[in-house]
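*Asks:* dropping a prediction and its sequence here:
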Amino acid sequence: MKLMVRTCAAALLLTLVIAACGGNGEAEPTPTPEETAAPAMTEAAPAGPVALHIGAVLPETGSLAFLGVPIIAAARLAVEDVNAQGGEVTFSLADSATNPATGLEGARRLLGEGAHVIVGAAASAVSQAFIQTLFDEQVPQCSPSNTSPVFTGQENAAYYFRTVPPDTAMAPLIADYVVSRGHSRVAIIGRADAWGNALERLLVDEFDRLGANTFSVLYDPETASYSAEVAQVVNYDPDIVINLGFSSDGSETVRQLIESGVGPERQFAATGLYSPTLWESVDASNPSVLDGMMGISQTAKGTSDFKERLTEQAGDYLAYGAEAYDCVILMALAARLVGDPSDGEAMMAAIARLTHDGEECTSYSECAALIDEGKDIDYSGVSGPINLSKEGDPTVAVYSIHTWENGGNAVTLGTETVDLAAE
């Protein structure tokens, strides 16, 4: 085992031990690196398929149901591929309904059914609802679409990682794009949840760095009306409004802003709201209702073959599908490496070293064969190089800026790649 890999695994497990000590107030002896390092990939490592039960807490309904379609379809494709390539994975799904309480209930049900790991949730606020439960049970969790930066370094996130980068990469892109087009008076409206709160703070800091003035108003997404918040934004008379909503609430604030004289050309949809068919949620009778509005999205990733397969199952909107696929593959590879997927600490230590400093492989079968030979691997997934940081975050982010024009047609204006490891 390379010294760099052993050091990385030791550091991660030491973090787990420290985080777990908070429950009873008694300090544990600090383990040595030899005590905390995960088992090396050697010829004695477990070989052959390992039975793994994956539970998924993902939105079939609710305001992120449109994201649930490609995410769920991609997770199922990954399970099919693992099993076709010699794996042994079962998959159970709980509908989060894009609701924290429902997500927590679903996670508890899946754990009761014997799930070794959890894929999801789609919304950061839903993951926050059950992350403590998974921490207590030492159950690994992978989210393909949580972008709130609050997870990075969070004390009870020791069993959490993600295949999508945090919004620390997106906020500077939005601010630079908006200010470069002459907008210096910016309003931010959106959800007062784990995602909206964190992204609002990042955006305010970025706009301040660029010398722009900002006004923010966040709301409870479960409230019956957002008219008071919309009125505050209108009274501020901004050059542009950044919308941190999801489809159910964000489409309503977009509609109210337009009716109040803040046209689509003065609005910008962040990742939680953007979709090519957003106009249908705003005014299904008017395809041109959003013409001139801008938005940003995580660029749909994957090879042409993967996208074609996923399109057959999910339609044309593929956001976070590649990331969901990679969550499943990484969980399956970790289970094969450690031999016992019920050992959450060993699973997380394995995951920490599956995406860098080894022999590159791009499929479950190729990577599993290398593991069985006792080799280190670097899984480069359908979403591209993942290169997880010690906090469990990918270090490469790719975003696309869009607009709507000519009767609701979504047009990509440009794509930006951010290397978080270089920040």
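*Replies:* In hand now; what should we look at?
*Asks:* find the nearest non-adjacent residue to the most centrally placed residue in the chain, please.
*Replies:* The residue lying closest to the centre of the chain (Cα atoms, centre = their mean) is Ser145, at 2.2 Å. Nearest residue to Ser145, sequence neighbours excluded (Cβ to Cβ, 6 or more residues apart in numbering): Tyr320, at 4.2 Å. Heads up, the C-betas are built off the backbone N, CA and C, glycines and all.
*Asks:* quick one: contacts for the one you found?
*Replies:* Leu67, Pro70, Ile71, Ala74, Ala122, Pro144, Ser145, Val164, Gln298 (Cβ atoms under 8 Å, 6 or more residues apart in numbering).
*Asks:* which of the residues you listed fall within strands?
*Replies:* Gln298 (DSSP state E).
*Asks:* now the buried members of the contacts of Tyr320.
*Replies:* Leu67, Pro70, Ile71, Ala74, Ala122, Pro144, Ser145, Val164, Gln298 (16 or more other Cβ atoms under 10 Å).
*Asks:* okay if I get the residues you listed as TSV plus pLDDT and distance to Ala332?
*Replies:* Formatted as TSV, the buried ones among the contacts of Tyr320 follow (pLDDT from 0 to 100; distance: Cβ to Cβ, whole Å):
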residue	pLDDT	distance to Ala332
Leu67	93	23
Pro70	96	20
Ile71	98	17
Ala74	98	14
Ala122	97	20
Pro144	97	15
Ser145	96	19
Val164	94	19
Gln298	85	23
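*Asks:* of these, which belong to helices?
*Replies:* Leu67, Pro70, Ile71, Ala74 (DSSP state H).
*Asks:* and the strands in the stretch 201-350 of the chain?
*Replies:* Here the stretch 201-350 of the chain has its strands, by DSSP state E, counting those that start in this stretch, at 213-219, 240-244, 267-269, 294-298.
*Asks:* quick check: Ala157 vs Gly392, distance?
*Replies:* 7 Å (Cβ to Cβ, to the nearest Å).
*Asks:* export stretch 195-213 as PDB, just CAs?
*Replies:* Below are the C-alpha coordinates for stretch 195-213, written out as PDB (Å, rounded to 0.1, in the frame of the first residue of the first chain):
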ATOM      1  CA  TRP A 195     -29.500  24.300   0.600                       C
ATOM      2  CA  GLY A 196     -31.000  27.800   0.300                       C
ATOM      3  CA  ASN A 197     -29.500  29.200   3.500                       C
ATOM      4  CA  ALA A 198     -26.000  28.000   2.600                       C
ATOM      5  CA  LEU A 199     -26.000  29.100  -1.000                       C
ATOM      6  CA  GLU A 200     -27.500  32.500  -0.100                       C
ATOM      7  CA  ARG A 201     -24.500  33.100   2.300                       C
ATOM      8  CA  LEU A 202     -22.100  32.100  -0.400                       C
ATOM      9  CA  LEU A 203     -23.700  34.400  -3.000                       C
ATOM     10  CA  VAL A 204     -23.800  37.400  -0.700                       C
ATOM     11  CA  ASP A 205     -20.100  37.000   0.000                       C
ATOM     12  CA  GLU A 206     -19.300  36.700  -3.700                       C
ATOM     13  CA  PHE A 207     -21.400  39.700  -4.700                       C
ATOM     14  CA  ASP A 208     -19.800  41.700  -1.900                       C
ATOM     15  CA  ARG A 209     -16.400  40.700  -3.300                       C
ATOM     16  CA  LEU A 210     -17.400  42.100  -6.700                       C
ATOM     17  CA  GLY A 211     -18.800  45.300  -5.300                       C
ATOM     18  CA  ALA A 212     -22.500  44.600  -6.000                       C
ATOM     19  CA  ASN A 213     -25.300  45.400  -3.500                       C
END
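*Asks:* mind listing what's buried in it?
*Replies:* Across stretch 195-213, burial judged by 16+ other Cβ under 10 Å covers 195-204, 206-207, 212.
*Asks:* closest one to Asp176 out of those, please.
*Replies:* When the buried residues of stretch 195-213 are compared for distance to Asp176 (Cβ to Cβ), Glu206 wins out at 7.8 Å.
*Asks:* is Ala319 in contact with Ser297, as I believe?
*Replies:* Yes - Ala319 is in contact with Ser297 according to Cβ atoms under 8 Å; the separation is 6.2 Å.
*Asks:* okay, and the common contacts of the two?
*Replies:* Ser275.
*Asks:* now for the ones in helices among the buried ones among the contacts of Tyr320, which pair is the farthest apart?
*Replies:* Largest separation among those by Cβ to Cβ: Leu67 and Ala74, giving 11.0 Å.
*Asks:* for Gly315, give me the pLDDT.
*Replies:* Gly315 carries a pLDDT value of 94.
*Asks:* residues near it, how many?
*Replies:* By the measure other Cβ atoms under 10 Å, the count of residues near Gly315 is 12.
*Asks:* quick one: contacts for the closest residue to it other than its chain neighbours?
*Replies:* For Gly315, ignoring the flanking residues on the chain, the nearest one in space by Cβ to Cβ, 6+ apart is Val69 at 6.7 Å. Contacts for Val69 (Cβ under 8 Å, 6+ apart) come out as Ala314, Gly315, Tyr317.
*Asks:* same deal with Phe306?
*Replies:* Phe306 neighbours (Cβ under 8 Å, 6+ apart): Ala322, Tyr325, Val382.
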